[in-house]
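Asker: with the sequence up front, the predicted model follows.
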Number of protein chains: 2
Amino acid sequence: MNIGQAAEASGVSAKMIRYYEQIGLIEPPARSQSGYRVYAEPNVHTLRFVRRARSLGFSVEETGSLLALWRDRSRASADVKSLALKHVAELEEKAAALQAMAATLRHLASHCHGDQRPDCPILDKIGSAS
Amino acid sequence: MNIGQAAEASGVSAKMIRYYEQIGLIEPPARSQSGYRVYAEPNVHTLRFVRRARSLGFSVEETGSLLALWRDRSRASADVKSLALKHVAELEEKAAALQAMAATLRHLASHCHGDQRPDCPILDKIGSAS
DNA sequence: GCTTGACCTTCCCATGATGGGAAGGTGTAG
DNA sequence: CTACACCTTCCCATCATGGGAAGGTCAAGC
């Protein structure tokens, strides 16, 4: 399987597969005589793991830790759980920060007429609030 | 006022003030004979505006639009309000995405014993779920 | 066999917002 | 006059991703 097919099968772009290999997140695959990367099913499986970890908001580095845990059959599930819950806390913190911004701005907007007149408490507040 | 004092007074780092100037977000300030940037109160006011817009999650480019609206005394408040509400929608979308990740992961974690045993539904799911 | 087009390779550049730091000039207080 | 704090510009790094150029490879069709 060439990189294009591995990309198709895993949902990870060819560009990113090469990048993940370059930074050491995934193992370099076999190469054909002409230098093409050749992927087998286990490689694709790993790529899918990476894609899903990324889609759960883990950074590439954290994904590397997850991969290591995944491959280590003797790890304690407590290690995985603590990593996951720490990440959950970070996600929730970021979500809360975004929602606080949205709430503030929505509040400002609710006081803005939104018509032809220039008066606008949104800009007034951004320009003078503490 | 030199750039350090303007940074102190506005809450924007000297590095970022130079960057904002370089990309054209803010006007180049006056210069002293020796080439030092010299800021007056209106400059600091603008910097504070930028800082607050950024802290509400507006990108630098969006902040530029807000600045233009702020300086344009004849703009309609409807223009400001629509920009603000569009941004609110984006913020809420991002927050919802993060919370969905957190919820998924929290759900997976709730099924993980978190003890010395290696079995872990978190990794199992990341490794095999669709 | 030869051409064509789809694929692959590596290499470099760009993004967005920010910080770090080097090399060198300036300004001020003691 | 010497320190020291500040300023200047310039380059580099981050994080994850995409774009694209220049050139090699492979398979299908003529």
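Answerer: Done, it's in.

Asker: would you mind listing what in chain A touches DNA strand D?
Answerer: Where chain A comes near DNA strand D, counting by C-beta under 7 Å from any atom of the strand, the residues are A:13, A:15-16, A:19, A:32-36, A:54, A:59-61. In short, each C-beta sits where N, CA and C put it, glycine included.

Asker: which of those sit farthest apart?
Answerer: A:33 and A:59 (36.4 Å; C-beta to C-beta).

Asker: picking that back up, out of the residues of chain A next to DNA strand D, which end up buried?
Answerer: Buried residues within the residues of chain A next to DNA strand D, counting neighbours by 16 or more other C-beta atoms under 10 Å in any protein chain shown: A:16, A:54.

Asker: reformat the residues of chain A next to DNA strand D as CSV; add pLDDT.
Answerer: What follows is the residues of chain A next to DNA strand D, written out as CSV (pLDDT from 0 to 100):
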residue, pLDDT
A:13, 97
A:15, 97
A:16, 97
A:19, 97
A:32, 96
A:33, 95
A:34, 96
A:35, 96
A:36, 98
A:54, 96
A:59, 96
A:60, 96
A:61, 95
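
Asker: so which of the residues of chain A next to DNA strand D belong to helices?
Answerer: Mapping the residues of chain A next to DNA strand D onto helices (DSSP state H) picks out A:15, A:16, A:19, A:54, A:60, A:61.

Asker: residue A:95: which element?
Answerer: Assigning secondary structure by DSSP states H and E places residue A:95 in helix A:77-110.

Asker: what separates that helix from the chain centre, distance-wise?
Answerer: 14 Å (C-alpha atoms, centre = their mean, to the nearest Å).

Asker: can you tell me if that helix touches DNA strand C.
Answerer: No - contact of helix A:77-110 with DNA strand C is not found when judged by C-beta under 7 Å from any atom of the strand; the minimum separation is 13.4 Å.

Asker: that helix and chain B in contact?
Answerer: Yes - using C-beta under 8 Å from any C-beta of the partner chain, we find that helix A:77-110 touches chain B at A:77-78, A:80-82, A:84-85, A:87-88, A:91-92, A:94-96, A:98-99, A:101-102, A:104-106, A:108-109.

Asker: quick revisit: tell me the one of the ones in helices among the residues of chain A next to DNA strand D nearest chain B?
Answerer: Nearest to chain B out of those is residue A:54 (C-beta to the nearest C-beta; 10.1 Å).

Asker: ok, the closest one touching residue A:64?
Answerer: No - counting by C-beta atoms under 8 Å, residue A:54 sits too far from residue A:64 to count as a contact (11.2 Å).

Asker: span of stretch A:19-38 from start to end?
Answerer: 16 Å (C-alpha to C-alpha, to the nearest Å).

Asker: list the buried residues in it.
Answerer: A:20, A:25, A:26, A:29, A:37.

Asker: state the pair within the residues you listed that is farthest apart.
Answerer: A:25 and A:37 (14.7 Å).

Asker: run through who's touching the lowest-mean-pLDDT helix or strand in chain A.
Answerer: Counting by mean pLDDT, DSSP states H and E, chain A has its least confident helix or strand at helix A:121-128, which shows a mean of 92. Applying C-beta atoms under 8 Å, 6 or more residues apart in numbering or on different chains, the external contacts of helix A:121-128 come out as A:105, A:108-109, A:111-112, B:45, B:48-49, B:52-53, B:56, B:66, B:69-70, B:77, B:80-81, B:84.

Asker: all good on my end, thank you.
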